[in-house]
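[1] Show me how the following folds:
(one chain, ligands or ions: 1)
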Amino acid sequence: MAYNLLKGKKGIIFGALDEKSMAWQVALKCHEEGAVFTLSNAPIALRMGKINELAAQCGNTQVIGADATSLEDLEQVFSKSMELLGGKIDFVLHSIGMSPNVRKKIPYDDTNYDNFLKTLDISALSFHKVLQTATKLDALNEWASVLGLSYIAAQRVFPGYNDMADAKSLLESIARSFGYQYGFKKKVRVNTISQSPTLTTAGSGVEGFNAFFHYAEKMSPLGNATAEECANYCIALFSDLTRKVTMQNLFHDGGFSFTGVSTQLVEQLIQE
Ligand SMILES: NC(=O)c1ccc[n+]([C@@H]2O[C@H](COP(=O)([O-])OP(=O)(O)OC[C@H]3O[C@@H](n4cnc5c(N)ncnc54)[C@H](O)[C@@H]3O)[C@@H](O)[C@H]2O)c1
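    Numbers count the residues shown, from 1 in each chain. The predicted model follows:
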């Protein structure tokens, strides 16, 4: 059911690779809710992914290739988006994450530092770069909403998550620090959503993903949140109904983050 919550709003959505991607679901909902937007992803993802299918489903929206670690590319994304959409931007989704150490299964305590720096640049600093580019180009309207996607490994140890845990801590910190700056300057909101484990390309690359997906399901009073449910939450945060929410890391995880242990899990462990 659509509510026209984003009618008249203009946005940029980074990170839709295929239909499992969180950003893909967000784009579909933004379209349903009346927004116009551009889509962006890394050049390699444009070649390998299915983003053009998504663009067609969203009223032939434009796709702009960009490596999110490149300031030059990001400037292009913002300038072109304002030109194509006919004005400044009201919402931005940063749904970007990648760790070469996770991909290559290099353990955290024997890390490769070049890879580690890439993880931080792609998965966290790129959020700062998006925000700084938007500031420099004065690309955002007042009360615009910028969202990044995080994971609870920023607060608690999930060993298989490797250096992505450090990247998520930095991502959440950037949301706070930039949210402060952008709030005073331009009344722009900056938040992160800490999402349940979700079966996507990035998600399933993490060692032991299936195990902690099921563990989280058993630990969460409301069950794991799906990508589609995450998209609904993003819509709420892009809308004018959440104007005074900023600098937050918002858990969207069915209650997992505040559950010590669930009866279901205890009963299962007693039987073992
Ligand atoms: N899947 C999960 O369990 C989960 C849980 C919590 C948070 N998240 C976060 O959600 C976000 C989206 O991930 P997803 O699960 O939808 O997986 P996904 O693989 O569909 O999306 C990750 C995206 O990052 C893009 N990307 C990688 N390097 C890039 C670069 N240099 N420049 C631009 N884009 C680049 C990829 O092309 C891809 O589209 C990530 O930040 C991820 O860490 C995922």
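[2] Packing partners of the helix or strand of the chain with the lowest mean pLDDT?
    Least confident helix or strand, the chain: helix 201-204 with a mean of 84, by mean pLDDT, DSSP states H and E. Counting contacts by 3 or more C-beta pairs under 8 Å, 6 or more residues apart in numbering; DSSP states H and E, helix 201-204 packs against helix 209-219. (Each C-beta comes from the backbone N, C-alpha and C, glycine too.)
[3] Give me the contacts around the host helix or strand of L84.
    Per DSSP states H and E: L84 is located in helix 71-85. Contact with helix 71-85 is made by 10, 12, 14, 36-38, 40, 62, 64-68, 88-89, 129-130, 132-134, 136-137, 139, as judged by C-beta atoms under 8 Å, 6 or more residues apart in numbering.
[4] With stretch 184-193 instead?
    131, 135, 140, 142-150, 171-172, 175, 178-179, 182-183, 230, 233-234, 237, 242-243, 245-250, 252.
[5] ok, and for it, which residues are buried?
    When neighbours are counted by 16 or more other C-beta atoms under 10 Å, the buried residues of stretch 184-193 are found to be 188-193.
[6] circling back: please list only the buried members of the contacts of stretch 184-193.
    Listed as buried from the contacts of stretch 184-193 are 131, 135, 140, 144-150, 171-172, 175, 178-179, 182, 230, 233-234, 237, 242, 246-250, 252; burial here means 16+ other C-beta under 10 Å.
[7] From those residues, list the ones also adjacent to the ligand.
    Residues of those in contact with the ligand (C-beta under 6 Å from any ligand atom): 149-150.
[8] Tell me which of the buried ones among the contacts of stretch 184-193 fall in strands.
    Those of these mapping onto strands are 140, 144-150, 249-250, 252, per DSSP state E.
[9] Longest helix of the protein, counting residues only.
    helix 164-186 (DSSP state H).
[10] That one - what's its average pLDDT?
    The pLDDT scores in helix 164-186 average 98.
[11] where's the closest residue to T38 other than its chain neighbours relative to G205, distance?
    Among residues not flanking T38 along the chain, S81 sits closest, at 4.4 Å (C-beta to C-beta, 6 or more residues apart in numbering). S81 sits 29 Å away from G205, taking C-beta to C-beta, to the nearest Å as the criterion.
[12] Compare the two (neighbour count), which wins?
    When S81 and G205 are compared for neighbours, S81 comes out ahead with 24 against 16, by other C-beta atoms under 10 Å.
[13] near the ligand, which residues of the stretch 101-250 of the chain show up?
    Counting by C-beta under 6 Å from any ligand atom, the stretch 101-250 of the chain sits next to the ligand at 122, 149-151, 195, 197-198, 200-203.
[14] Show the buried residues in these.
    122, 149-151, 195, 197-198, 200, 202-203.
[15] one step back: which element is encountered next along the chain beyond the helix holding L84?
    strand 89-94.
[16] And the contacts of that following strand?
    By C-beta under 8 Å, 6+ apart, the residues outside strand 89-94 that reach it are 6, 9-15, 23, 26, 30, 35, 37, 68, 78, 81-82, 126-127, 130, 134, 139-141, 143-149, 234, 238.
[17] Relative to the whole chain's centre, how far out is that strand?
    11 Å (C-alpha atoms, centre = their mean, to the nearest Å).
[18] in the helix or strand following it, what counts as buried?
    Going down the chain from strand 89-94, the next helix or strand is helix 100-103, by DSSP H and E. Buried residues in helix 100-103, counted by 16+ other C-beta under 10 Å: 100-102.
[19] Likewise for stretch 34-48?
    35-42, 45-46.
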